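[1] Give me a model of this one.
(one chain, ligands or ions: 1)
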Amino acid sequence: MKNIQSLIANMTLEEKAALCTGASAWTTTPIERLGVPEMIVSDGPHGVRRVPDVHAMAMESLPATCFPTASCLASTWDVDLIHKMGIALAEECITHNVDVLLGPGANMKRSPLGGRNFEYFSEDPYLAGEMAASFINGVQSKGVGTSLKHYAANNQEFQRFSISAEMDERTLREIYLTAFEKAVKQAQPWTVMCSYNKVNGTFASEHHYLLNEILKDEWGFEGLVVSDWGAVRDRVAALKGGLDWEMPGPQERRVKAVVEAVRSGELDEAVLNESVRRILNIVFKAKETPKTGTFDIDAHHELAHHIASEGMVLLKNNGLLPLKGQHHIAVIGRAAENAHFQGGGSSHIHPTKVAVPFKELQAQASNSELTYAEGYPTDRSFRQDMIDQAVSLARSADVAVLYIALPTFKESEGYDRTDLDLTEQQVALIKAVSKVQPNTVVVLNNGAPVAMNEWIDGVAAVLEGWMMGQAGGIAIADVLSGKVNPSGKLAETFPIKLSDTPSHINWPGGAGAVSYGEGLFIGYRYYDAKEMPVLFPFGHGLSYTTFAYSNAKVSAKTFKDTDSLTVTVDVTNTGEFTGKEIVQVYVHDHKSGLVRPQKELKGFAKVELKPGETKSVSIKLDFRAFAYYHPEYKQWITEDGDFDILVAASAADIRQTLTVTLQSTLSLPCILDKESTVREWLADPRGKAVIGALYTEIETQSRKLFGGADERYGNENAMGMDIMDMMNDMPLVSVLMFQQGALPMPAEEMVAGLLMQAHKME
Ligand code: BGC
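    Predicted structure coming up:
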């Protein structure tokens, strides 16, 4: 590694400014004079999208393995598998001379309508964070960098270059930043990509609080921050805000602006030097990995196949699956012949090869006769003739398998979905086929939930095949035939209808802003709070076998927040197929100072079991499993009290519950101020000690003022209310104002004195 500091000392101001902006669409600016090489980046996330000439703008890219997209990856709940995929991606980067892969995306799925949801992992920050960390660790273990994106709150495509995502601090911390925080702390990505949008009014590319204070200072991020492509408006403001590297380049005017800003004193050169240092660190680190060799196309195709088979989710099955050698299978739907395996936009991969679902099913159902009807067109037209043809095929068959892919005009980067529906033709097709053929299986290829209420009752089985990557066609055949026992579980809730979704009345915003009005309550957190039925809950997924949970234990019933708590449970395969179960641990807080979701995922494990076999599964819970972010303390806090540990097969299928008692070791500062309510004074031990005697007096006086029970008012007081219930939620100062005559000094002075006493007790 070069001596970065002496290099910086030898750089001209112009060289420094130029380094902080790209030289082309995919490269850093090299400085030949000083031996600073160029670094090459490429999209990402689920494959390497390397354009042949990195210095030119091009849409075509070199062949690379297209792995399943993030919705499918997260549904595997298998961090080791994602790590393996990361290693394979790194091998392809090395082959294609790519230093940094632009992924993974760790944004939350706030609404199922988000156009880029297929590129994101989950509605749950814990799961998304674990997946992202594993992905990054896998890629970087081979000396190739990653770019954790899009930081932060890029949850929609509508006005994605400009909209301001508006939310409170706690929502930001607990929901929208947690996955990034986990990934940064557990995996140290070489780069973090800021998003296009604004967060609470400030562009993410200029966001001092998000980039400098939280990412770099608080979480200890050591790499460089790169802009999303074209996300920088004001280069100087972005440098001040913590954005190290602007992309794409070249941007001569921007570079000049930086030079001038330093010369005029508007920009401290130390700020520029810090960005230069971060960039040089990564550039030289990247060059430590020689970019030579080839990758094993077949082995990576096989890995993509394996991941797809682990991520597919069997949503419904009345027993028809696995197929049992039925004589005639009617295969319907153009996705059987034209695999739909990835999404549109910057992540679009030129695959090395593509498995054709029809052929793969034919290969595995070799004793069956397969016939085919296209079923629906590529465009938006409605074709009754295609439905009629499919129906006549299905009628004469023993089973109908419908391969239904959500078309790109309904789902892609760049635009959000406007509804949760399949096309009108696809819905009509499923209904018509299942009417004549009760043994109908629907296989879906899509990146995010679709509504099914119009047709689900009429079909025998539904397999969610996701955007399954180039080898997904084999995985579908594996699951249908029973060669693979499905084990994927949903990383996001499937709602019944659009109007049920948490952000519905605040989506997608307008006039430059979108309010995250549902706050903490996205995904299952919302459906729990509303006690609302869903189509398929978070964590749901069927298997061809069954699992029993028993003997759940915790390492301690009472514990301190500085200790970790281990939950163990025995899982038994009670059916006839070898299978994998995903055990989920949620935590429920009995009582908290601020409102909390009813339960939150804090751990999981995937375990393989033969029929009759039992394994003990252990899951560790740490401080953060019990903590929440308190906006007034500006930190994560724990509170003394009882918590339920829910050991579950899905968010709606809790198998065992244990109760534990936490003792907080935190000594929190006194945050009482002149507007604090009586209840807040009483909740703080120092406040309570200070106003204890006074409170008794206030109560006596207040009850006197409002009068006692009087039979003239039906045994209530003259106001017909419990005065203390109201008083407790008033600022102490306001309550004292009502007692003015009885007080030795003005209420404000009295509160000021009490505050001094309380703060002194810290
Ligand atoms: C996307 C990024 C991508 C970049 C480079 C942007 O439009 O938002 O995800 O990495 O382009 O292609």
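
[2] didn't Arg525 look like it was pressed against Pro597?
    Yes: A contact is recorded between Arg525 and Pro597 when judged using CB atoms under 8 Å, the distance being 3.8 Å. (C-beta placed from N, C-alpha, C; glycine too.)

[3] Just want to know which of these two has more residues nearby.
    Arg525 (26 against 22; other CB atoms under 10 Å).

[4] that's a helix at the more buried one, yeah?
    Yes: counting by DSSP: H, G, I helix; E, B strand; the rest coil, Arg525 falls inside a helix.

[5] show me the contacts for the residue in the stretch 601-750 of the chain positioned nearest to the ligand.
    Nearest residue of the stretch 601-750 of the chain to the ligand, counting by CB to the nearest ligand atom: Leu601, 26.0 Å away. Counting by CB atoms under 8 Å, 6 or more residues apart in numbering, Leu601 makes contact with 124, 126-127, 538-539, 584-586, 651.

[6] Output the residues you listed as a markdown table; include the columns secondary structure.
    Formatted as a markdown table, the contacts of Leu601 follow (three-state DSSP):
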| residue | secondary structure |
| --- | --- |
| Asp124 | coil |
| Tyr126 | helix |
| Leu127 | helix |
| Phe538 | coil |
| Gly539 | coil |
| Gln584 | strand |
| Val585 | strand |
| Tyr586 | strand |
| Ala651 | coil |
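
[7] Pick the one among the residues you listed closest to Trp681.
    Tyr586 (33.8 Å; CB to CB).

[8] pLDDT score assigned to that closest one?
    Tyr586 carries a pLDDT score of 99 in this model.

[9] do the same with Lys2
    Model confidence at Lys2, given as pLDDT, is 63.

[10] Over to the residue of the stretch 1-150 of the chain found nearest the ligand: give its phi and psi.
    Here the stretch 1-150 of the chain gets closest to the ligand at one residue, Leu102, 3.9 Å apart by CB to the nearest ligand atom. With angles defined as degrees, to the nearest 10, Leu102 sits at phi -80, psi 80.

[11] Kindly report the same for the one 3 residues further on.
    Dihedral angles phi and psi of Gly105 (degrees, to the nearest 10) take the values phi -100, psi 130.

[12] now swap in Phe547 and tell me
    Dihedral angles (degrees, to the nearest 10) for Phe547: phi -130, psi 140.

[13] Report the beta-bridge partner residues of Glu246.
    Thr21 (DSSP bridges).

[14] Can you pull the residues of the stretch 251-400 of the chain lying near the ligand?
    By the rule CB under 6 Å from any ligand atom, the part of the stretch 251-400 of the chain lying against the ligand is Ser346.

[15] Give me the common contacts of Arg525 and Pro597.
    Shared contacts of Arg525 and Pro597, defined by CB under 8 Å, 6+ apart, are absent.

[16] Are we agreed that Phe559 is in a strand?
    Yes: under three-state DSSP, Phe559 falls within a strand.

[17] Name the nearest residue to it, ignoring sequence neighbours.
    Using CB to CB, 6 or more residues apart in numbering and skipping residues adjacent in sequence, the residue nearest Phe559 is Leu565, 5.4 Å away.

[18] For that neighbour, the count of nearby residues, please.
    Look at Leu565: counted by other CB under 10 Å, it has 26 neighbours.

[19] Okay, now the unreliable bits of this structure?
    Low-confidence segments of the chain, defined by pLDDT under 70: 1-2.

[20] Now do the domain split for it, please.
    Following the assignment in automatic domain parsing, the chain carries domains at 4-286, 297-530, 547-663, 678-760.
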